[in-house]
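Q: Predicted model and sequence below, questions to follow.
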Amino acid sequence: MSLPLNIALRFLRRGKWQTLLIILGISIGVSVQIFVGLLLNSLQSSLLNNFIGNSSQITILSDTEDPLIEGYDDIVDDLEEFDELTVVSVANDQVGTITIGTTSESVLLRGFEIDEADKIYNIAERIYEGEEPSDDFEAMIGRDLNDELELEEGDRIVIRGFIKVGNDTLPVNGTFEIVGFFDLGIGSINSLWIITTLESVQQMYKTGDTVTSIEMQVPQELLYESDAIADDIDDELNLEDDDLKITNWIDENENLLNGLRSQSLSSYFIQSFVLISVVIGIDSVLAISVVQKQRQLGILKAMGINNRTSFLIFIFQGLFLGIFGAIGGIGLGIFFLWGFTQASPSDFIVINYDPIFMSISAAIIIASSVLAALGPALKSSKLDPIDIIRGE
C-alpha cells in the first residue's frame, strides 16, 4: 500500500502548480457549500427563534363568541402531563384605549402570569428600562407605543375599555403605574401590547377567574411537529366537547413554512451544483494527469508494478486532493461567514458554525473526489506498458 501512496504523492508534488490550482478550486467549491449551507441554516434558525421561538407555538382558544375560558386550571394540569410541552402559560387579553393629552392609542392589554409568560416571550431580557410588573395594576409598554405617548417610569395611565353585561355594553377603566418598557423586536407588538398581571385584567374587565388563551411551547427539535402534537392534545383532552379549539404555528404560518422549505430546497440545489462541478474538475485534472504520466506509468509497469497498484495511485491522488480541498474549503467558508457577520449591521442572524454540517460536507467532498478518480484510475490500470514505451 505504501508504494502507490508514495508514487501518488510524488506525482502531486511534481505537478505542484496544477495540484495547488485544483486544491484551490475544490476549496472554493467547499467554501461555497459551507457558506451557503450554514448561512441559510442560521437564517432559518434565527427566523424561527425570533418569530416562533419567542411566541406561543400551540394555543388553546374559545370556539364560541365568548372568548373566556373557565376552569383553565384543570386544563393546564392536564397539559403539564404532556412530555412534548416545555411551557404552559395562560393569558387574558382585552382591548382598550389610552388617551394622553391629544394622543389616543388603541392597545391590547395582556394579563399574564409573568414568570410563566417570560419563558415564552423572554420578556425579562427585552426590558430596556425598568422592570416587570410584580403587583396588580402595574404595567409595562412597548418601545413604539411609548414613542407616541412619551411616558416615563412611575407615570400613571388610565386604560378605558368596554364589557358586555347581558345585552348592555358598559364602560370600564383601570389606572396602571408604568414600571418598565420592553422591546420584543416586532413593531406591531411594540406599538400595541401593554403587559400586566393576570389578576389586573380580570379585575378591570370583571371576567372572574378566566383566561382568553392557553399558550404552549415545544422543544426546538420538535418545532416542526407542532401540528401533530396539537392534534394529540385535542384528541386527548376532547377540547371540542368544552367548546375549545387548538391552533399551532404551522397552520397559522403556512406561507412562512413554505418559504423555509423553498429556502432549504434552493440550498440543496446550490450545494449539489457545486459538488458536481468539483467532481468534474477532479475527473478532468486526473484524466489529463493519466495522459501526462503515461510514459512514467509505462516504465513503472515494465519494472513490475501491477494494475492494482496503478489503479491505487490515482485513487490516492483523488483522496489527497479531496482531503486538502475540504480542509481549505472549511477554512475559507468560516472566513467568508466571519466577513459576512462583520459587514452585516444587524445581529438578526447569529451564525451557527455547525461542526456536524461541516464534517458531513467535508466527507461528501472527499468521497466524491475518490469517486471522481475512479475513471482515470481505471484508465491507468488498463495501460499496456509495451504500447506506451513504443509510443502507441
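A: Structure received. Numbering: from 1, shown residues only.
Q: Find the centremost residue of this protein, please.
A: S45 (1.3 Å; Cα atoms, centre = their mean).
Q: check which helix or strand covers that residue.
A: helix 16-47 (DSSP states H and E).
Q: buried ones in that helix?
A: Residues of helix 16-47 classed as buried: 19, 22-23, 25-47 (neighbour count, 16 or more other Cβ atoms under 10 Å). (C-beta placed from N, C-alpha, C; glycine too.)
Q: F357 is in contact with the residue nearest to the centre of the chain, correct?
A: No - applying Cβ atoms under 8 Å as the test, S45 and F357 come out as separate, 11.8 Å apart.
Q: For the residue nearest to the centre of the chain, give its distance to N352.
A: Distance, S45 to N352, by Cβ to Cβ, to the nearest Å: 6 Å.
Q: Okay, strands next: where are they in the stretch 101-250 of the chain?
A: Along the stretch 101-250 of the chain, counting by DSSP state E, counting those that start in this stretch, strands occupy 103-112, 127-130, 138-142, 156-165, 168-182, 193-197, 213-217, 244-248.
Q: can you list the residues that contact the shortest one?
A: With contact meaning Cβ atoms under 8 Å, 6 or more residues apart in numbering, strand 127-130 is reached by M140, R143, E153, I178, V179, G180, F181, F182, D183.
Q: Let me see the confidence value for the nearest residue to the fourth one once chain neighbours are set aside.
A: What sits nearest to I178 in space, not counting adjacent residues and going by Cβ to Cβ, 6 or more residues apart in numbering, is D155, at 4.8 Å. Reading off the confidence values, D155 has pLDDT 92.
Q: hang on, the earlier thing: helices or strands next to the helix holding S45 in the packing?
A: If contacts are counted by 3 or more Cβ pairs under 8 Å, 6 or more residues apart in numbering; DSSP states H and E, helix 16-47 sits against helix 254-292, helix 307-343, helix 355-372.
Q: In contact with E70, which residues?
A: E70 makes contact with G208, D209, T210, according to Cβ under 8 Å, 6+ apart.
Q: swap the cut-off to 6 Å and go again
A: T210 (Cβ atoms under 6 Å, 6 or more residues apart in numbering).
Q: how near is it to A124?
A: Applying Cβ to Cβ to E70 and A124 gives a distance of 30 Å.
Q: circling back to that earlier point, reformat the strands of the stretch 101-250 of the chain as a markdown table; add mean neighbour count and distance to G15.
A: Converted to a markdown table, those look like this (neighbours: other Cβ atoms under 10 Å; distance: least, Cβ to Cβ, whole Å):
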| stretch | mean neighbour count | distance to G15 |
| --- | --- | --- |
| strand 103-112 | 18 | 69 |
| strand 127-130 | 14 | 61 |
| strand 138-142 | 24 | 65 |
| strand 156-165 | 15 | 78 |
| strand 168-182 | 16 | 63 |
| strand 193-197 | 24 | 66 |
| strand 213-217 | 22 | 58 |
| strand 244-248 | 19 | 59 |
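Q: Indicate which one of the ones you listed is closest to P4.
A: Among the strands of the stretch 101-250 of the chain, the nearest to P4 by Cβ to Cβ is strand 213-217 (56.9 Å).
Q: For that closest one, list the C-alpha coordinates in CSV.
A: What follows is strand 213-217, C-alpha atoms only, in CSV (Å, rounded to 0.1, in the frame of the first residue of the first chain):
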residue,chain,number,x,y,z
SER,A,213,-55.9,31.7,25.8
ILE,A,214,-53.6,28.9,27.0
GLU,A,215,-50.2,29.2,25.3
MET,A,216,-47.6,26.4,24.9
GLN,A,217,-44.2,25.8,23.6
